[in-house]
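Participant: model the structure of this input:
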Amino acid sequence: MRHTRPVRLAALAAALIAGPVVLTAAPATAVTGPASAASDTTHAYTARLILGDHDRGCSGVLVDREWLLTAASCFADNPAADLTVPAGKPKLKTTATIGRSDLTSTAGAVREVVELVPRTDRDVVLARLNRPVTGVTPIALATTAPTTGEELKLAGYGRSKTEWAPLNLHTGAFSVDTSDATTATVTGKDGAAACKGDTGGPLVRVTGGTHQLAALSSRSYQGGCFGTDATETRTGGIAARVDDLASWVDSTVGAPRITDFNCDGAEDIAIADPKATVGGKADAGLVRIVYGGGKGTAEIHQDLDWVPDTSETGDWFGEALATVDYDEDGCTDLVVGTSAEDLGTATDTGVVDILHGAQGGLGTGTKKNTHFQQGAGGGSLGASGNESGDRLGQALAAGVTNAGEPFVVIGQPGEALGSITKAGQAFYVHGTTNVSIHQDSLDVPGAAETNDVFGSAVAADSNHIAISAPGDAIGTKADAGNLMVFDPNKLNAEGRPTPLFGLDQDLDTVSGGAEAGDRFGKSLALVPYRPSGAATANESILAVGSPGEDLPIDGVDKADVGSVHTFRVTASGTYSELNAFSQGTATDDVTGTAEAGDVFGSTLTAVNTAPRAVSTTASLKLAVGAPDEALGTVAKAGAVQTFSLLGAPGANDRWLEAGNGLPGAPGTNHFVGGNIHFTGTHLYVGMPYASTYGALHALPMSNVTAGGTVAAITTYQPGQGGLPSAGARFGYAAR
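Facilitator: All right, here's what the predicted structure looks like:
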């Protein structure tokens, strides 16, 4: 929206934005006060921003380890006329230097700004960094407005009295003249003035040695600044208030990251149809993209010139999906598993591709694809050979470590280890490095055995990784299943995430008992968890599906009912069981009745909708798929049940089936619940078998919360919303 300005601003300089920056040889005293020494960390939270190839220079302030507050006018095309700034990735590459009062030093950190979240009511924007900043304490926002006569301290990297671009941070005192709902007028004391390049710099209230952010420098007369007409002596200016923005800042920085392939700030969705025909090749597979904000759709398959390989019959491109900003450019990248890909004479050996996002959408940037297959490139993948049935990419997970490094976990359950067939393994991929993980790796619990199919399911968050072997025999009990948990923040001597522990149902710390065919670990989900009293969400809650579990229901043993176990995993690597979930009996308070063959727990998805806040029953959500659920006489119609990961299962559950919470009517072999995925805003439920082409439904959070209001469901379906009328299993996977 266009911002209107009070008449009193008409005489002010248009914006405190530096022109082309030419660094001078030595620092000098700036007009806003003395230069800060390299050792001075008083205002370490202050950031220097450079846009483009030194097209513009501004200042900013660290308010969260991943976010800066600065002026929207830094990024506006013509700030003198309009402060409108599009959400999403900045138009110009923007480099931020934080915690470096002397720019010739190596203190602090250098980051790239990859996302903007602008205000529409004042000259303020939140700017996300590509990685967190460590060693610099963010400043807290003030809670009261600037008052007349109050002194605020400005810190910035703008021009001085004698230099175009000083190499040191400088500060100066300002007196507050007046304030209104969104701005304050200030005047420099003792000749101090805000200069070009100081835009976005923090105006700080100092009380008893404590610094609080009251406002951001916005516009100034620039009296005495280098390049200003000598007749201009006024040192006044306008500051944008931020003392009332705490809730906006907290909700923005604390929200889960959205899928945003074209980095425009609108949520996108990738929907796989691995059985789609491409170029006359049946079951070759493709992925359809729906860009948020009405920006159209796209179709991705292996016959595109920027996607490796070619579409072939039975490839099943898109069988598994994951998302992560792997190249840290602010655009989400799509990870695609094609585990049925044949390479040479090896059938179903599998490949994985990272399709890189860009401002024009997937595949439109300079870097389009990162390809993974055995026998190519470096690391463990390069040292491996392709064998029939390896099925690389059958399972995928992605995350970002606590230090901000993106990673991908690739499951390969069919891999033979020496003569041990289908022992299985997984690959941990980060940067340009990859390393294999299997049950004969250093310190990994258990041992590789035939048909373990380790890597059948993988899950990850910033704290932990889980990899399962649902075919593992526990004692003499075939296919009882187990899993291993790792720490991606600590790599061991072999460069692998550090193994923490294994889990199976014969452990005294896990309820139930291992039985043949339980398939414990067939599905996994992980979410970050912040317990009460903790400063951060440095723990996890792990959900484990056991769809082959037999349970006694109302005194009758029923086969393959299925169950789910949840565990709290601490930062130190210990665990404790939280809950066991099942559909229950006719007399308990859990919706539904467990029946033979339901395979409850075949699929799982979980989300923490407020990962920075203390976790609650409302913020931690779990969805469980029971795709073989019979509804009345309709066999294998399928259903989905949602719970909170905290609290009693029956107090927080909700039942979803076609015609009751989901569109359509139950149908035989529809297998609803075979594909489910949570984001921070929706539960996506795929129905690839429920119509000619399939469908995907996006349920608002209120629809999947016990007692929540039922809101409108968004349906994605071929033939609607710009999607072509073609496909075979649309909705098989979605991210």
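Participant: what's the burial count for residue 402?
Facilitator: Neighbour count of residue 402, defined by other Cβ atoms under 10 Å: 18. Bear in mind the C-beta positions are built from the backbone N, C-alpha and C, glycine included.
Participant: ok, residue 231 next?
Facilitator: With other Cβ under 10 Å as criterion, residue 231 counts 6.
Participant: what do you get for residue 455?
Facilitator: When neighbours are counted by other Cβ under 10 Å, residue 455 registers 29.
Participant: that one is in contact with residue 417, isn't it?
Facilitator: No. Using Cβ atoms under 8 Å, residue 455 makes no contact with residue 417, being 11.4 Å away.
Participant: overlap in contacts, those two.
Facilitator: Contact criterion Cβ atoms under 8 Å, 6 or more residues apart in numbering; residues shared by residue 455 and residue 417: 425, 438.
Participant: how much space between residue 690 and residue 318?
Facilitator: 18 Å (Cβ to Cβ, to the nearest Å).
Participant: the two: which is more packed in?
Facilitator: Comparing residue 690 with residue 318 by other Cβ under 10 Å, the one with more neighbours is residue 318, at 29 against 25.
Participant: mind showing which ranges of the stretch 1-150 of the chain have poor pLDDT?
Facilitator: 1-34 (pLDDT under 70).
Participant: do a quick rundown of the strands in it.
Facilitator: 46-51, 56-64, 67-70, 94-98, 109-118, 125-129, 140-141 (DSSP state E, counting those that start in this stretch).
Participant: buried residues, the helix or strand in which residue 698 is found. List them.
Facilitator: Per DSSP states H and E, residue 698 falls inside strand 695-700. For strand 695-700, the neighbour count (16 or more other Cβ atoms under 10 Å) marks 695, 696, 697, 698, 699, 700 as buried.
Participant: what's the answer for stretch 113-133, then?
Facilitator: 113-119, 122-133.
Participant: residue ranges with poor pLDDT in this structure?
Facilitator: In the chain the weaker segments, taking pLDDT under 70 as the threshold, are 1-34, 587.
Participant: can you rerun that using 50?
Facilitator: In the predicted model of the chain, residues 1-32 satisfy pLDDT under 50.
Participant: ok, so of the buried residues of strand 695-700, who is nearest residue 649?
Facilitator: Residue 649 has its nearest neighbour among the buried residues of strand 695-700 in residue 699, at 19.5 Å by Cβ to Cβ.
Participant: which of the helices or strands spans the closest residue to the closest one other than its chain neighbours?
Facilitator: Leaving aside its sequence neighbours, residue 699 sits nearest to residue 683 (Cβ to Cβ, 6 or more residues apart in numbering; 4.6 Å). According to DSSP H and E, residue 683 maps onto strand 682-687.
Participant: orientation of that strand relative to strand 695-700 in degrees?
Facilitator: 160 degrees (axes from the mean of the first three to the mean of the last three Cα atoms, to 10 degrees).
Participant: parallel or antiparallel, list what pairs with strand 682-687.
Facilitator: Within its sheet, strand 682-687 is paired with strand 676-678 (antiparallel), strand 695-700 (antiparallel), according to DSSP bridges.
Participant: which residue ranges of the stretch 201-350 of the chain form strands?
Facilitator: Going by DSSP E, counting those that start in this stretch, the stretch 201-350 of the chain shows strands at 202-207, 210-220, 236-241, 269-273, 286-290, 297-300, 320-324, 333-338.
Participant: just the stretch 501-650 of the chain next, same as before
Facilitator: Going by DSSP E, counting those that start in this stretch, the stretch 501-650 of the chain shows strands at 523-529, 539-546, 551-553, 556-558, 563-569, 575-581, 603-608, 620-626, 639-644.
Participant: just put these in TSV and tack on mean neighbour count and distance to residue 366.
Facilitator: What follows is those, written out as TSV (neighbours: other Cβ atoms under 10 Å; distance: least, Cβ to Cβ, whole Å):
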stretch	mean neighbour count	distance to residue 366
strand 523-529	26	32
strand 539-546	27	35
strand 551-553	17	54
strand 556-558	12	56
strand 563-569	22	39
strand 575-581	18	43
strand 603-608	24	32
strand 620-626	28	38
strand 639-644	26	40
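Participant: could you tell me how far residue 423 is located from residue 403?
Facilitator: Distance from residue 423 to residue 403, by Cβ to Cβ: 32 Å.
Participant: quick one: which of these two has more around it?
Facilitator: residue 423 (27 against 11).
Participant: need phi/psi at the more buried one.
Facilitator: Backbone torsions of residue 423, given as degrees, to the nearest 10, read phi -70, psi -40.
Participant: who are the neighbours in contact with it?
Facilitator: By Cβ under 8 Å, 6+ apart, the neighbours of residue 423 are 415, 416, 417, 438, 439, 448, 449, 450, 452, 453, 454.
Participant: from the chain's centroid, how far away is the strand holding residue 698?
Facilitator: Offset of strand 695-700 from its chain centre (Cα atoms, centre = their mean, to the nearest Å): 20 Å.
Participant: put the alpha carbons of it into PDB.
Facilitator: Extracted C-alpha coordinates of strand 695-700, given in PDB (Å, rounded to 0.1, in the frame of the first residue of the first chain):
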ATOM      1  CA  ALA A 695      -7.100 -35.400  -5.200                       C
ATOM      2  CA  LEU A 696      -5.400 -33.600  -2.300                       C
ATOM      3  CA  HIS A 697      -7.300 -31.800   0.400                       C
ATOM      4  CA  ALA A 698      -5.900 -29.000   2.600                       C
ATOM      5  CA  LEU A 699      -7.600 -28.900   6.000                       C
ATOM      6  CA  PRO A 700      -7.300 -25.800   8.200                       C
END
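Participant: next secondary structure element downstream of it?
Facilitator: strand 714-716.
Participant: no more questions from me, cheers.
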